[in-house]
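> sharing a model prediction with you, sequence too.
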Amino acid sequence: MNTWLSDILKAIDEINLFLPDKKNFIEFQHDLKTKRAIERNVEIIGEAINRILKLDPDYPITLPMQEGSLIPVTGLFMVMILFQKI
């Protein structure tokens, strides 16, 4: 489980590194490399959370749940949250 928690922290750190200091969502949408890098890290976070919850369903992670599965959060949706567009 520690490996998955570490994966989550590394992915969050990388997302923060990839995001520019001056956040411009329109520019971000056109920056394919950064967009894909952030989307991949969001996938890593989701995969790690799924594995943790399969091992320990009572692990204290607060996320939207639907029928025992994590509701998928698309990379674009996550980026919009990061850019505070929602």
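Cool, the structure landed.
> can you confirm residue 58 is in a helix?
No - under the criterion used here (DSSP: H, G, I helix; E, B strand; the rest coil), residue 58 is coil, not part of a helix.
> next, count neighbours for residue 6.
A count of nearby residues for residue 6, using other C-beta atoms under 10 Å, gives 11. C-betas here are computed from N, CA, C, even on glycine.
> for residue 35, same thing?
By other C-beta under 10 Å, 16 other residues sit near residue 35.
> pretty sure it contacts residue 27?
No - Residue 35 is beyond contact range of residue 27, at 10.4 Å (criterion: C-beta atoms under 8 Å).
> which positions within the host helix or strand of residue 10 qualify as buried?
Assessed by DSSP states H and E, residue 10 sits inside helix 2-18. For helix 2-18, a neighbour-count test (16 or more other C-beta atoms under 10 Å) marks 4, 7, 8, 11, 15, 18 as buried.
> who are the packing partners of the next helix-or-strand element following that helix?
Sequence-wise, the next helix or strand downstream of helix 2-18 (DSSP H and E) is helix 25-30. Under the contact criterion of 3 or more C-beta pairs under 8 Å, 6 or more residues apart in numbering; DSSP states H and E, helix 25-30 touches helix 32-55, helix 75-82.
> what's the closest of those helices to residue 23?
helix 75-82 (7.6 Å; C-beta to C-beta).
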